[in-house]
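Student: predicted model and sequence follow; I will ask about them next.
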Amino acid sequence: MTTRIEQRFAALKDEGRAALVTFVMSGDPDYETSMAIIKALPQAGADVIELGMPFTDPMADGPSIQAAGVRALKGGQTLKKTLAMVRDFRKGEASTPIVLMGYFNPIYIYGVDKFLVDAKEAGVDGLIVVDLPPEEDEELCLPALKAGLNFIRLATPTTDDKRLPAVLNNTSGFVYYVSITGITGSAAPDAAKVSAAVGRIKKHTRLPVAVGFGVKNADSARAIAAGADGVVVGSALIDALNKTLDGNGKGGAATVKAVADLVADIAKGVRAAAKVAAE
Amino acid sequence: MTVQQQLNSFRTGPDERGHFGIYGGRFVAETLMPLILDLEKAYNQAKADPAFKKEMDSYLSHYVGRPSPLYFAERLTQKFGGAKIYFKREDLNHTGAHKVNNVTGQIMLAKRMGKTRIIAETGAGMHGVATATLCAKFGLPCIVYMGAVDVERQQPNVLRMKMLGAEVRAVTSGSATLKDAMNEALRDWVTNVSDTFYCIGTVAGPHPYPAMVRDFQCIIGNETREQMQQAEGRLPDSLVACIGGGSNAMGLFHPFLDDRSVEIYGVEAAGHGIPSGQHAASVSGGRPGVLHGNRTYLLMDDDGQIIEAHSISAGLDYPGIGPEHAWLNDMGRVKFLSATDEEAVAAFQLCSQLEGIIPALEPAHALARVFDLAPKLPKDHLMVVNLSGRGDKDLASVQAWLEARKK
């Protein structure tokens, strides 16, 4: 069985370009605005949507995504509502994959089995759970794979060749290479180093490799896209969203437009990149 | 019939994956996994090396001032007319709390591993002070993350850390207390992976921290055992300690876990009272979840979002508890009680006035329960309470609390 994620990466490989993977926080700044943003993403040029599940204690996230989570939680976002958003999104969109990204505790409290059933039914395609390394695969990874969802793992500069096989084992859909050690939204990565790292990972896997952390605009996206199968952009979108909020943290049509415009701009960068990472 | 009777020993955990029953584990970002695997390896090597133990023992006796006395609290005993109350005087250690036992071990380990930069989180500031102290002694740069709320209420410790040459970074995210300081320390560690050693202050976090910190703190219980033999010719009948993350409690309890005659009580902070929802009692008022690298009892809402803890004591103001404590609770080996802010302040005052010992607000929570356990027990019952730290840092908080009360 192939998932939407696998189909999307395969199709883009045929097109000869990298995927643009966009991260936004579900419920940021409120349910309606967030819903409108998600619906606008495919048309703006997003190939894969990563949807954050807000958590009070996002240990691997920088200030932008932390603040997005706080806004979403303040607006009443819950895991249940995040799944409802996916369900709503799927009514009008059958092909763009959705990956839920966040931390384990809300899923654990929701109940792993119930969550997997509900996520699959809502139209979720994959999961990225930051605080579940391979050492904890029995918690969610193995049940998720069994349920037909992709479990996307992060590989980092600290994941050496000895550890890579363990990280890649049970990873599916794509590999998310975190291009620098650090929290989300940190300084821009060095494109040449990233390309070398992607090459290193590809020696161990046939899965597509998407690169994230530090991508801010069309230029940095183009540089990364040249050496990877996908480019992930998150904090930059959230910063653009944040700039449109009024004094009370409320968003509106301008919020949706700001995010969509930046996605469109970055999409141009991704599409302009020469594809050199093909196997 | 009980699980207690079926187990041969309560002291064999964790398993090789860091689990105490369903608790513990290694729930961290991939960036940190290689680091905690390295740490585990280095710790296991150090533990097996007699030279490490010898060096550690030397610092503990000459620098920390161990053994700490086991003191018979005669006037409190008379006042309550029941159990004989003994204090394990961890407040008399250099830096004024039990925290230094663990920090000495971890900083020596950091040196063995060739790490050149130390980070730590702190709540009440005692762990931060201990870390800043050892870093000063060994010439290591030290960065301490402390919630902005705690920076405010524990000023004396902030000044001490600064005097010792540490950089104190006030954390304003989330509830701006201990859990947020820990988040921020983890973010630092994820960023500075090659040179940085994260010195965790309690028996929580990803494996191997809960076991390692416990091992370093077990000197408390080991000494107590010997000292009680000398004082009374036998083991104590009960042990009482306050629990935030639970390192002072684990240090006292662990060496006695297999002595089934010894009753063991952990006292959590009940803040304004558990029914109020404003407390820090993870076992009494929480349920199992995953945070900061381990599964344990946590305070949270129905969506799995962590709830801000509340306690007058900054050192107990944490919405979780060490995973081994969670397991010992489920096994029935440790009984969990709680004490409110009000009870802790009353115990703080009584201990100061009857024994001439100003306890930290943290062990004042343990004392509050000692004061109602002791009168119901016979006069030959030997009760040890871990007086885990000194209360100088809390004078302003207690004063403010009492003033607010008058109004």
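Tutor: In hand now; what should we look at?
Student: rest of the way, CA atoms for contacts and neighbours
Tutor: Will do.
Student: test for you: state the pLDDT assigned to the residue of the stretch 151-279 of chain A found nearest chain B.
Tutor: At 3.6 Å from chain B, A:G182 is the closest residue in the stretch 151-279 of chain A, using C-alpha to the nearest C-alpha. We have a pLDDT of 80 for A:G182.
Student: once you drop chain neighbours, what's closest to it?
Tutor: Distances taken as C-alpha to C-alpha, 6 or more residues apart in numbering or on different chains put B:T191 closest to A:G182, at 3.6 Å, once the chain neighbours are dropped.
Student: can you count the residues close to that neighbour?
Tutor: B:T191 is flanked by 18 other residues according to other C-alpha atoms under 10 Å in any protein chain shown.
Student: what's the answer for the one 4 residues further on, then?
Tutor: Around B:D195 there are 13 other residues, counting by other C-alpha under 10 Å.
Student: and the longest strand for chain A?
Tutor: strand A:19-25 (DSSP state E).
Student: distance between that one and the chain's centre?
Tutor: 5 Å (C-alpha atoms, centre = their mean, to the nearest Å).
Student: what about it, average pLDDT?
Tutor: In the prediction, strand A:19-25 has an average pLDDT of 98.
Student: what's the first helix or strand after that strand?
Tutor: Remark: after strand A:19-25, the chain's next helix or strand is helix A:31-44, criterion DSSP states H and E.
Student: relative to helix A:31-44, how tilted is the helix or strand just after that next one?
Tutor: Once the chain leaves helix A:31-44, the next helix or strand it forms, by DSSP H and E, is strand A:48-52. Interaxial angle of strand A:48-52 relative to helix A:31-44 (axes from the mean of the first three to the mean of the last three C-alpha atoms, to 10 degrees): 160 degrees.
Student: give me the angle between strand A:48-52 and strand A:19-25.
Tutor: Using the same axes, to 10 degrees: strand A:48-52 against strand A:19-25 is 20 degrees.
Student: show me what strand A:48-52 is packed up against.
Tutor: strand A:19-25, strand A:98-102 (3 or more C-alpha pairs under 8 Å, 6 or more residues apart in numbering or on different chains; DSSP states H and E).
Student: any idea how far A:M53 is from the residue of the stretch 301-407 of chain B found nearest chain A?
Tutor: In the stretch 301-407 of chain B, the residue that lies nearest chain A is B:G304 (4.2 Å; C-alpha to the nearest C-alpha). Here B:G304 is placed at a distance of 11 Å from A:M53 (C-alpha to C-alpha, to the nearest Å).
Student: more neighbours: which of these two?
Tutor: Taking neighbours as other C-alpha under 10 Å, B:G304 and A:M53 compare with A:M53 leading, 27 against 22.
Student: surely B:T122 touches B:L178?
Tutor: Yes. Using C-alpha atoms under 8 Å, B:T122 is in contact with B:L178, at 6.3 Å.
Student: give me the common contacts of these two.
Tutor: When contacts are counted by C-alpha atoms under 8 Å, 6 or more residues apart in numbering or on different chains, the set common to B:T122 and B:L178 consists of B:M146, B:G147, B:G315.
Student: relative to B:S61, which of those is nearest.
Tutor: Within the shared contacts of B:T122 and B:L178, the smallest distance to B:S61 is 25.5 Å, found for B:G315 (C-alpha to C-alpha).
Student: picking up where we left off before, export the helices and strands packed on strand A:48-52 as a markdown table, with columns for distance to A:L83 and mean neighbour count.
Tutor: Below are these laid out as a markdown table (distance: least, C-alpha to C-alpha, whole Å; neighbours: other C-alpha atoms under 10 Å in any protein chain shown):
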| stretch | distance to A:L83 | mean neighbour count |
| --- | --- | --- |
| strand A:19-25 | 13 | 27 |
| strand A:98-102 | 9 | 24 |
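Student: work out for me the element B:N386 sits within.
Tutor: Short version, using DSSP H and E: B:N386 is in strand B:382-387.
Student: and the helix or strand just after that strand, what's buried?
Tutor: Following strand B:382-387 in sequence order, the next helix or strand is helix B:395-406 (DSSP H and E). Across helix B:395-406, burial judged by 16 or more other C-alpha atoms under 10 Å in any protein chain shown covers B:L395, B:S397, B:V398.
Student: flag the least confident of these.
Tutor: Minimum pLDDT across the buried residues of helix B:395-406 falls on B:S397, with 91.
Student: OK, contacts around it?
Tutor: Going by C-alpha under 8 Å, 6+ apart, B:S397 touches B:R153, B:I312.
Student: with adjacent residues omitted, what lies nearest to B:M56?
Tutor: The nearest residue in space to B:M56 (C-alpha to C-alpha, 6+ apart) is B:G105, at 6.6 Å.
Student: same check on B:V158?
Tutor: Nearest one to B:V158, counting by C-alpha to C-alpha, 6+ apart, is B:V151 at 6.5 Å.
Student: and the one you found, what's its pLDDT?
Tutor: pLDDT, B:V151: 94.
Student: residues near it, how many?
Tutor: For B:V151, using other C-alpha under 10 Å, the count is 25.
Student: with B:Y145 instead?
Tutor: Neighbour count for B:Y145, taken as other C-alpha under 10 Å: 29.
Student: quick check: it is in a helix.
Tutor: No. Going by DSSP: H, G, I helix; E, B strand; the rest coil, the assignment for B:Y145 is strand, not a helix.
Student: contacts only, for it.
Tutor: Listed by C-alpha under 8 Å, 6+ apart, the contact partners of B:Y145 are B:I119, B:A120, B:E121, B:T122, B:V168, B:R169, B:A170, B:V171, B:A181, B:M182, B:E184, B:A185.
Student: was I right about the fifth one contacting B:A148?
Tutor: Going back to what we said before, that points to B:V168. No. Counting by C-alpha under 8 Å, B:V168 stays clear of B:A148, with 10.2 Å between them.
Student: residue numbers of the stretch 251-400 of chain B in contact with chain A?
Tutor: B:G289, B:V290, B:L291, B:H292, B:G293, B:D302, B:D303, B:G304, B:Q305, B:I306 (C-alpha under 8 Å from any C-alpha of the partner chain).
Student: which of those fall within helices?
Tutor: Among those, no member is found in helices (DSSP state H).
Student: what comes into contact with stretch B:355-363?
Tutor: B:73-76, B:91, B:241-242, B:312-313, B:315-316, B:344-345, B:348-349, B:351-352, B:386-394.
Student: now A:P143: how far from A:D137?
Tutor: 9 Å.
Student: these two: who's more crowded?
Tutor: Just comparing A:P143 and A:D137: by other C-alpha under 10 Å the higher neighbour count belongs to A:P143, 16 against 13.
Student: from the contact counts, what lies against the strand or helix carrying the more buried one?
Tutor: Element membership for A:P143 (DSSP H and E) is helix A:141-146. Packed against helix A:141-146 by the contact rule (3+ C-alpha pairs under 8 Å, 6+ apart) you find helix A:112-122, strand A:150-151.
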